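Chemist: Got a sequence here, can you model it:
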Amino acid sequence: MLPRPRGGAFFLLLVLSGCDKLRAFPGFEPARAAPEPAAPAVAMGPWLLEPRPGQITVAWTTVSPSLGKVWYGPRETDRLASEDGGPVTDHRVTLMSLQPSTQYRYRIEGSPETLWFNSAPAEGGEGPIRALVYGGTHTNGGDHALVARAAGAERPDLLLLTGNLVANAREEPAWRAWFQEERDLLAHAPLLAALGSLEIADQGAAYTRFFQRRGMPAYGSLDYGPVHIAVLDSCEIAAGATPQKGALSEAQKAWFEEDLRRVPEDRHVWVVVHEPPWSHPREGKNRGSEAVRAALLSGHRVHPVEAVFAGHEAFYERGDIDGIRYLNLGAGGAPMEDPDPQSPGVQSAAAALSYARVDVCGCHAALRVKDISGKVIDALTLADCPTPCSVPEAALAAAAAPAPPAKESPPGRKRPRRRKGDALDAGKRAAENRGR
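Modeler: Next up, the predicted model:
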């Protein structure tokens, strides 16, 4: 017969067995599991960067260091992605293994809100895609908010920003205000931002922190479905740029030409840059960057550039000079200037808070410039063809701008040749354009 356990041995057996009778002992209180520390509050964001086939990067900042985590999935947020390294306040988490052109839901740690984005198209995919282009927000409170609200209603797939986003890049409160105003856009559509002259007041530190691909220069390129987008740095500090005068290095110009050489012939090619190649204010002398102009003309000889989207000037201007079609879109909130619509080469101009919407489907691209009331102040067919693409929704994208009758495509080409369309000045010459 086994001996009966006594005293401390009996108590030990109760502990090991997890017996609930322990709570009956006077003064005994079982140890409670330590609660997990609460995630720090979100300071800015989230926003989306580097949209590529199969992946996207989610960025945000927190008030105190932590290890960034994102839950995501096409229906339920049941996948987890975490950033490498130790706790930080500036977070970037890359979501992998995404299906092309698919809506995903996601949630960042520290925020209860579930958001969504559309993943990038497959490599070489036809679309349809919708991009928004604007800049010159200047942290100008109310006016910037009006532009952001109007632009957000377009539900874009991609944002292209032409720089000069805040009035003073050194001021953290200015950036907090900017991210708050842009929140409904940035949480759902990835962005590519050109470095502006106001963004180099702090030597580009804030731009690098928030937007730049880590370890890479402020210029680069991205393929997004049928579009190749090159972002130029017209405020390259290494080339001697200052907030008053832009500059591009010879290395950047050489990169740009080499980048265009690798682009397939049937791709739409857009350039996003801060300083415009040409600019025509009503008062004062004509402006525009000679360095940007030279780079574009040289690159255009390597591969035709469909459109150049620039900023810097606080008005809207579209022109076509020396074969370069440019659009100055720097009226995203900054105090307005008046453009000179009568200057040679200028085809449309307006002093209005505005943004551009570009719809692309296959070899068709149509552009609309709108003011904050939704009124179309300029329209243009950037490229066209008999059949935009095989996606059923292509009819909607094709209807965005009237296109002239298409010619028969040359033999031996898989896709009909794209060509420049005719400008429509807010619909004024639409009927004339159809009859050509």
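Chemist: hey, where'd the helices end up in the stretch 201-350 of the chain?
Modeler: The residue ranges that make up the helices of the stretch 201-350 of the chain, judged by DSSP state H, counting those that start in this stretch, are 205-210, 250-261, 290-302.
Chemist: Which other helices and strands does the longest one contact?
Modeler: Same thing as helix 290-302. Packing contacts for helix 290-302, counted by 3 or more C-beta pairs under 8 Å, 6 or more residues apart in numbering; DSSP states H and E, involve helix 250-261, strand 324-329. For every residue, glycine as well, the C-beta is placed using N, CA and C.
Chemist: what sits opposite the closest residue in space to His188 that isn't next to it in sequence in the beta ladder?
Modeler: Counting by C-beta to C-beta, 6 or more residues apart in numbering, His188 lies nearest to Phe117, which is 5.4 Å off, once chain neighbours are set aside. Using DSSP bridges, the bridge partners assigned to Phe117 are Tyr104.
Chemist: In contact with Phe117: list those residues for me.
Modeler: Phe117 makes contact with 48, 56, 103-104, 106, 187-190 under the criterion C-beta atoms under 8 Å, 6 or more residues apart in numbering.
Chemist: Just those residues: which are in helices?
Modeler: Using DSSP state H, no member of the contacts of Phe117 sits in helices.
Chemist: What's the ChimeraX line that selects buried ones from those residues?
Modeler: Buried members of these, defined by 16 or more other C-beta atoms under 10 Å, are picked up in ChimeraX with:
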select :48,56,104,106,187,188,189,190
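Chemist: Among the contacts of Phe117, which are located in strands?
Modeler: 48, 56, 103-104, 106 (DSSP state E).
Chemist: related to what we said a few turns ago, now pLDDT and distance to Lys69 too, for the contacts of Phe117, in a markdown table please.
Modeler: Below are the contacts of Phe117 laid out as a markdown table (pLDDT from 0 to 100; distance: C-beta to C-beta, whole Å):
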| residue | pLDDT | distance to Lys69 |
| --- | --- | --- |
| Leu48 | 98 | 16 |
| Ile56 | 98 | 16 |
| Gln103 | 97 | 21 |
| Tyr104 | 98 | 16 |
| Tyr106 | 98 | 11 |
| Ala187 | 96 | 17 |
| His188 | 97 | 20 |
| Ala189 | 97 | 22 |
| Pro190 | 98 | 20 |
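Chemist: from the ones in strands among the contacts of Phe117, which is closest to Gln244?
Modeler: Leu48 (32.4 Å; C-beta to C-beta).
Chemist: Return the residues in contact with the closest one.
Modeler: Contacts of Leu48 by C-beta under 8 Å, 6+ apart are 56-59, 117, 186-191.
Chemist: Could you check how far it is from Ala59?
Modeler: 7 Å (C-beta to C-beta, to the nearest Å).
Chemist: try Pro341
Modeler: Distance, Pro341 to Ala59, using C-beta to C-beta: 39 Å.
Chemist: neighbour count winner among these two?
Modeler: Set Pro341 next to Ala59 and count neighbours by other C-beta atoms under 10 Å: Ala59 wins out with 22 against 15.
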